[in-house]
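**Q** Have a look at this prediction, sequence included:
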Amino acid sequence: MPSDLYAVADFCLIPIGTGESSVAEYIAECQRVLEKSGLTFKVSTWAKGPWSEVSQAIHDCHAAVHAKGAPRVATDIRIGTRVDRDTPVGDGNDHKVKRVEEILARDRAAAS
């Protein structure tokens, strides 16, 4: 088993107590952190890569949002790993999404 598991983390980062109705600037700050991390990510919704790097990126998002002025940050995280087969770096759930899309396309074609 690899020493650093490949992880796909779905996380929701919520700045609290900013005194502003919009948190877009804070989420943009997290985006900047993810961009610098080198991980594959999508609009602060999920990040994928080695477990330690994913965890570090989420930590760094917290630190950056605090540095921007948010006194509190809450994050819900769901992380999945697997060791029963190799997952190419950057692939993560892409094959799952593609497989579901293929099944739905087949269903639509059969209904036509």
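**A** Nice, thanks for sending it over.
**Q** Just give me the neighbour total for the closest residue in space to Arg72 that isn't next to it in sequence.
**A** Of all residues not flanking Arg72 in the chain, Ile16 sits nearest, at 3.9 Å (Cβ to Cβ, 6 or more residues apart in numbering). The C-beta positions use only the backbone N, C-alpha and C, and glycine is treated the same way. Neighbourhood size, Ile16 [other Cβ atoms under 10 Å]: 12.
**Q** just the one 4 residues further on next, same as before
**A** By other Cβ under 10 Å, the residues close to Glu20 number 12.
**Q** do the same with Glu29
**A** 22.
**Q** distance of it from Val65?
**A** 6 Å (Cβ to Cβ, to the nearest Å).
**Q** wait, doesn't the residue nearest to Arg72 sit right on Thr75?
**A** No - with contact defined as Cβ atoms under 8 Å, Ile16 does not count as touching Thr75 (10.6 Å).
**Q** Which parts of the chain are strands?
**A** Assigned by DSSP state E, the chain shows strands spanning 6-16, 40-42, 46-50, 72-80.
**Q** Might you list the low-confidence residue ranges for the protein?
**A** Scanning the chain for pLDDT under 70 picks out 1-2, 43-45, 87-97, 100.
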